[in-house]
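> any chance you could fold what I've pasted below:
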Amino acid sequence: MTADEQAIINRPPHFKAKIITGAVLAVVLPILAAIVIGALPIPYLDKVIYSRFIYWIEVLLLMFYAYKVEQQKLLIWKNIPLSVWKFLLAVLVLYLLSVASAIVAYIPQRFGWHDSNVVFKKIVAILKNRYWLAIFVAFTAGVTEEFIFRGYLLTRLSLLFNNKYLPVIISSVLFAAMHYKYNSLREYIFVFLIGVLYGAYYQKYRNIKVVMAAHFLVDLISLTVAHYYGVK
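Next comes the predicted model:
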């Protein structure tokens, strides 16, 4: 723990209440927004687009909350820069580990678990031949979800727990829970595992751009493969 982080922890007790409130808002707001958008009588394409903008709005709200209420930056961990080659290598390693996580997540299905891909199939169908939208969806997920769950939620949980593993696990569970609309065990396992991977990486190496890039690649390549080869 750095001196800056220790100084944050040593602030008055009501500061921790602000941290807890912000962490709750980070999880509750997108869930409520998803419920509202899901109930709107509009085409599914519009729901997908609106849901992406919701995440950008939440990042702005968390940034505002951090500055005005917590009186600190959204990203409280100092970024450690990497050379281009180290950056690309780190992204590649995280991507390959993400692929391994996808394989692990598929194991229950291999043993007879009947999983659902209905929601993912609907998204792939909506994005078919809409390449700009597929890139926007993947880019939004890669940037905003990492800001929310790693940049904000993980760092705030790290201020509340002395155990370095709990913040990673809790933020990963909440990250997986945010994908409840997929109603898929494979999706939950996969998202939880990459949440642990990305959280552990960010906690150790303090470069959120790497996890954003890896997350973007995972989503974009997954959508592309599903588009051309179908969803099983």
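
> which outside residues touch stretch 84-98?
For stretch 84-98, the surrounding residues in contact (Cβ atoms under 8 Å, 6 or more residues apart in numbering) are 82, 194, 197-198, 201, 205, 207, 209-211, 213-214, 217-218. For the C-beta atoms, the positions are set from N, CA and C on the backbone; glycine is no exception.

> change it to 10 Å
Contacts to stretch 84-98, defined as Cβ atoms under 10 Å, 6 or more residues apart in numbering, come from residues 81-83, 190, 193-194, 196-198, 201, 205, 207, 209-219, 221-222.

> return a PyMOL selection command for the buried portion of the residues you listed.
When burial is assessed using 16 or more other Cβ atoms under 10 Å, the buried subset of these is captured in PyMOL by this command:
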select buried, resi 82+190+193+194+196+197+198+201+207+210+211+212+213+214+215+216+217+218+219+222
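
> now intersect the contacts of stretch 84-98 with the helices, please.
Counted as lying in helices by DSSP state H, out of those, are 190, 193-194, 196-198, 201, 205, 209-219, 221-222.

> please name the residues that touch the nearest residue to residue 182 once chain neighbours are set aside.
Nearest non-adjacent residue to residue 182, counting by Cβ to Cβ, 6 or more residues apart in numbering: residue 119, 4.8 Å away. By Cβ under 10 Å, 6+ apart, the residues touching residue 119 are 179, 181-184, 187.

> quick one: which of those is nearest residue 141?
Residue 141 lies nearest to residue 179 out of the contacts of residue 119, by Cβ to Cβ, at 10.4 Å.

> do you know the pLDDT at the closest one?
Note on residue 179: pLDDT of 86.

> is it true that residue 44 touches residue 118?
No - contact criterion Cβ atoms under 10 Å: residue 44 and residue 118 do not qualify, at 11.8 Å.

> intersection of neighbour lists for the two?
Counting by Cβ under 10 Å, 6+ apart, no residue touches both residue 44 and residue 118.

> who's in contact with the residue nearest in space to the middle of the chain?
With distances taken as Cα atoms, centre = their mean, the residue of the chain nearest its centroid is residue 145 (3.4 Å). By Cβ under 10 Å, 6+ apart, residue 145 lies in contact with 30, 55, 58-59, 151, 175, 178-179, 191, 195, 198, 211-212, 215, 219.

> repeat the analysis, applying 8 Å as the threshold.
Shown in contact with residue 145 (Cβ under 8 Å, 6+ apart): 55, 175, 178, 215.

> low-confidence ranges, this protein, go.
1-13, 229-232 (pLDDT under 70).

> in it, which spans are helices?
3-9, 13-39, 44-65, 84-105, 107-110, 118-127, 131-146, 155-160, 165-177, 185-205, 208-229.
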